[in-house]
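Undergrad: Fold the following for me, if possible:
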Amino acid sequence: MDSVLSILTTAAIIFGVVMLFNFMIFVHELGHFFAARWRGLYVDRFQIWFGRPIWKKTINGVQWGLGWIPAGGFVSLPQMAPMEAIEGSVELPKDLKPVKPLDKIIVAAAGPVASFLLAVLFAVAVWLVGKPDFEMGVTTVGFVAPDSPAAQAGILPGDKIVKVDGRPVTKWAGNMEGVRELIMLGEKDKVTFTIQRPGTPGELDIACGFRIPETEWWQRSGMRQVGLMQAIPCVVGEVLPNSPAAQAGLKAGDSITAVNGVHVWNPSALDVPLKKGEPLMLDVTGKDGAVRQVTVQGRLPENWHNSQDGSLLKGAQPILGVVWDLSAVGRDVTVHPTPWAQIRQSLKWMGDTLAKVVAPGSNVGVEHLSGPVGIANQFYRMFSLDEGWKLALWFSVVLNVNLAILNILPLPVVDGGHVVMNTIELIFRRPLNVKVLEFVQFGFVFLLMGFFLFVTFKDVGEFFGKKPSKLPDPVFRAVTD
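TA: Predicted coordinates for the structure are as follows:
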């Protein structure tokens with residue numbers, strides 16, 4: 001019964017994602033449709049998705065249809081520009097009047113305007129119902145991985161990071177403004193941390209190298225890492241039965257403050273002596289405030305041995321048998337950003353992302369952008385969370401702002417290209433050469449489809465093997481760099 005319910009839930013989420021995605025495309029194309037009707041242009045077809053229609057119906061002289069290639073949609077307006085490369089040939093009625101360049105500009109711009117207005121509508125909804133957020137207001141270093149660039153640079157647990165490459169930070173991750181994101185999006189040969197060190201007056205600037213994790217050829221390339229984790233109290237959430245921790249007397253709610261006499265700032269600090277097989281002398285503070293010392297020796301779980309020859313499985317290492325309470329990583333809050341704040345932030349993220357893609361020193365490339373599959377996966381993950389529909393509303397603001405801006409760019413095929421072409425016609429009082437337009441449109445179609453296939457290939461690649469770091473995701477939690 002539970003498996004059936006899980007399948008139905010998954011199917012419902014996928015259906016909801018598809019419907020929401022198509023709704024946003026429909027509204028964008030509806031802007032073109034209404035503007036074309038208003039300005040007297042001939043509308044041949046209104047189709048969601050590309051390719052030969054798997055469903056179609058003619059209403060008031062317009063063929064409405066659903067294509068078989070699940071990407072985008074279009075309103076066939078043959079008077080705008082030659083679009084046979086995408087929409088196929090159209091036979092125009094003989095009694096059509098010429099269309100003025102200004103009318104074509106209005107129709108072309110109506111799609112991005114519709115997307116922007118939909119973004120505002122979603123933003124108003126987010127403002128009213130709120131958006132779940134996860135605040136990570138700690139910028140103190142909790143763990144420095146051995147032999148990592150951060151360790152080689154001399155960064156220590158307990159150091160408080162106040163700036164990354166000169167930019168002040170107030171949180172570890174989030175909104176492309178945290179320590180984690182600024183490391184990943186850096187453009188210089190080294191990452192410069194400005195820190196405050198306990199017991200040391202003033203601030204220190206430390207130049208730190210970075211590493212790019214290796215990924216498979218079908219995955220996106222990795223992002224910059226330096227080997228830092230944020231400070232998290234080492235609070236025991238659960239003790240597994242018959243584990244070394246249980247035998248040593250550790251209990252849920254105990255706080256571990258030091259290991260072998262060294263203060264610990266993150267549970268990962270226990271992994272280093274555990275891997276060496278060393279006994280751990282823990283300074284423990286109980287729920288009642290009582291302080292005690294506990295000695296514990298980690299051991300390998302029995303199920304980490306090969307059942308055939310008794311050899312250790314790959315990656316096996318001693319454990320304590322503790323599940324850590326990570327509630328102190330951050331706190332869940334509900335925020336109510338104003339519509340303008342959401343629009344402004346969406347525009348900033350888009351501008352920052354495009355700037356990183358073209359920046360010569362950045363490790364961010366076109367491959368780190370997402371296509372329809374990646375966007376749908378983001379929606380799926382959101383809807384799978386508690387109150388995920390609120391996150392989906394907020395993400396719809398970001399997506400529609402992106403849709404509006406990308407479509408108004410002065411590129412062939414997209415709406416901005418039509419605006420530019422017809423502005424030129426309006427100024428010089430004659431249309432551009434049809435043959436040249438056909439060549440440019442056809443060529444750009446191939447480039448655009450190639451781009452979509454490339455990013456979709458990378459989106460699908462993330463489902464296989466170890467997932468590499470992508471552009472910082474402002475929605476989901478992250479505690480490492």
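
Undergrad: outside of the helix or strand hosting Arg381, which residues touch it?
TA: Assigned by DSSP states H and E, Arg381 belongs to helix 372-383. With contact meaning C-beta atoms under 8 Å, 6 or more residues apart in numbering, helix 372-383 is reached by 13-14, 16-18, 20-21, 70-71, 370, 388-389, 391-392, 395, 399, 452, 455-456, 458-460, 462, 473, 475-476. (Glycine included, C-beta is placed from N, CA and C.)

Undergrad: Just the CA atoms of the following helix or strand past that helix, as CSV, please.
TA: Counting by DSSP H and E, the next helix or strand C-terminal to helix 372-383 is helix 388-408. What follows is helix 388-408 as a C-alpha-only set of coordinates in CSV (Å, rounded to 0.1, in the frame of the first residue of the first chain):
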residue,chain,number,x,y,z
GLY,A,388,7.3,22.9,-1.3
TRP,A,389,4.5,24.5,-3.3
LYS,A,390,5.5,27.8,-1.8
LEU,A,391,9.1,27.3,-3.0
ALA,A,392,7.7,26.5,-6.4
LEU,A,393,5.8,29.7,-6.5
TRP,A,394,8.9,31.6,-5.6
PHE,A,395,11.0,29.7,-8.2
SER,A,396,8.3,30.6,-10.8
VAL,A,397,9.1,34.2,-10.2
VAL,A,398,12.7,33.6,-10.9
LEU,A,399,12.0,31.5,-14.0
ASN,A,400,9.5,33.9,-15.5
VAL,A,401,11.8,36.9,-15.1
ASN,A,402,14.5,34.8,-16.8
LEU,A,403,12.1,33.9,-19.6
ALA,A,404,11.1,37.5,-20.1
ILE,A,405,14.7,38.8,-20.2
LEU,A,406,16.1,36.0,-22.4
ASN,A,407,13.3,36.4,-24.9
ILE,A,408,13.8,40.1,-25.2
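
Undergrad: gap between whichever helix or strand comes after helix 388-408 and the chain center?
TA: Scanning forward in sequence from helix 388-408 by DSSP H and E, the next helix or strand is helix 415-428. Counting by C-alpha atoms, centre = their mean, to the nearest Å, helix 415-428 is centred 34 Å from the centre of its parent chain.

Undergrad: list the helices and strands helix 415-428 packs on?
TA: Taking 3 or more C-beta pairs under 8 Å, 6 or more residues apart in numbering; DSSP states H and E as contact, the helices and strands that helix 415-428 lies on are helix 101-129, helix 388-408.

Undergrad: So for stretch 201-221, mean pLDDT?
TA: Averaged over stretch 201-221, pLDDT sits at 92.

Undergrad: What are the buried residues along it?
TA: Under the neighbour-count criterion of 16 or more other C-beta atoms under 10 Å, stretch 201-221 has Ile206, Cys208, Phe210, Thr215, Gln219, Arg220, Ser221 buried.

Undergrad: Could you grab the helix/strand/coil label for the fifth one?
TA: What that stands for is Gln219. On the three-state scheme (DSSP: H, G, I helix; E, B strand; the rest coil), Gln219 is labelled coil.

Undergrad: how near is it to Val364?
TA: With the distance defined as C-beta to C-beta, to the nearest Å, Gln219 ends up 15 Å from Val364.

Undergrad: Nearest approach to Glu238 belongs to which of the helices and strands packed on helix 415-428?
TA: Closest approach to Glu238 among those (C-beta to C-beta): helix 388-408, 26.0 Å.

Undergrad: looking at the sheet around Val236, what are its partners?
TA: Beta-bridge pairing of Val236 under DSSP bridges involves Trp324.

Undergrad: what separates it from Arg331, distance-wise?
TA: Counting by C-beta to C-beta, the gap from Val236 to Arg331 is 20 Å.

Undergrad: contacting residues around Leu426?
TA: Pro101, Leu102, Ile105.

Undergrad: Tell me the confidence at it?
TA: For Leu426, pLDDT reads 89.

Undergrad: do Pro468 as well
TA: You'll see Pro468 listed with a pLDDT of 43.

Undergrad: What sits closest to Phe70 if chain neighbours are left out?
TA: Not Phe; residue 70 is Pro. Of all residues not flanking Pro70 in the chain, Trp49 sits nearest, at 5.4 Å (C-beta to C-beta, 6 or more residues apart in numbering).

Undergrad: That neighbour should be in a strand, yeah?
TA: Yes: judged by three-state DSSP, Trp49 forms part of a strand.

Undergrad: ok, now how distant is it from Lys163?
TA: Distance from Trp49 to Lys163, counting by C-beta to C-beta: 47 Å.

Undergrad: what do you get for Asp415?
TA: In terms of C-beta to C-beta, Asp415 sits 41 Å off from Lys163.

Undergrad: now do Asp44
TA: Where Lys163 is concerned, Asp44 sits at a distance of 57 Å (C-beta to C-beta).

Undergrad: now Leu320
TA: Leu320 is 36 Å from Lys163, by C-beta to C-beta.

Undergrad: Between these two, which has more neighbouring residues?
TA: Each of Leu320 and Lys163 has its neighbours counted (other C-beta atoms under 10 Å); Leu320 has more, 26 against 17.

Undergrad: nearest spatial neighbour of Val357, skipping sequence neighbours?
TA: Looking at Val357 with C-beta to C-beta, 6+ apart, the closest residue is Val364, at 5.7 Å.

Undergrad: which SS class is that neighbour?
TA: Relying on three-state DSSP, one would call Val364 coil.

Undergrad: Compare Val236 and Arg331 (neighbour count), which wins?
TA: Higher neighbour count among Val236 and Arg331: Val236, with 21 against 11, using other C-beta under 10 Å.

Undergrad: List the contacts of that one.
TA: Val236 makes contact with Ala245, Leu250, Lys251, Ala252, Gly253, Asp254, Ser255, Ile256, Val322, Val323, Trp324, Asp325, according to C-beta under 8 Å, 6+ apart.

Undergrad: And the pLDDT for Ser311?
TA: What the model reports as pLDDT for Ser311 is 55.

Undergrad: Determine the longest helix present in this protein.
TA: In the chain, ranked by residue count with DSSP state H as the criterion, the top helix is helix 2-39.

Undergrad: so it versus helix 388-408, what angle?
TA: Angle, helix 2-39 to helix 388-408, by axes from the mean of the first three to the mean of the last three C-alpha atoms, to 10 degrees: 40 degrees.

Undergrad: got any ranges where the stretch 51-200 of the chain has weak pLDDT?
TA: Along the stretch 51-200 of the chain, segments meeting pLDDT under 70 span 71, 81-95.

Undergrad: where do the helices sit along the stretch 51-200 of the chain?
TA: Under the criterion DSSP state H, counting those that start in this stretch, helices of the stretch 51-200 of the chain are mapped to 84-87, 101-129, 149-153, 179-184.

Undergrad: in the longest one, what counts as buried?
TA: Going back to what we said before, that points to helix 101-129. 101, 103-116, 118-123, 125-127.

Undergrad: And stretch 15-23, by the same measure?
TA: By 16+ other C-beta under 10 Å, the buried positions in stretch 15-23 come out as Val17, Leu20, Phe21.

Undergrad: Out of those residues, which comes closest to Leu96?
TA: Phe21 (34.0 Å).

Undergrad: Might you report the residue contacts of Ile25?
TA: Contact analysis of Ile25 by C-beta under 8 Å, 6+ apart lists Ile48, Gly72, Gly73.

Undergrad: Count the neighbours of the last one for me.
TA: Under the neighbour criterion other C-beta under 10 Å, Gly73 is assigned a count of 19.
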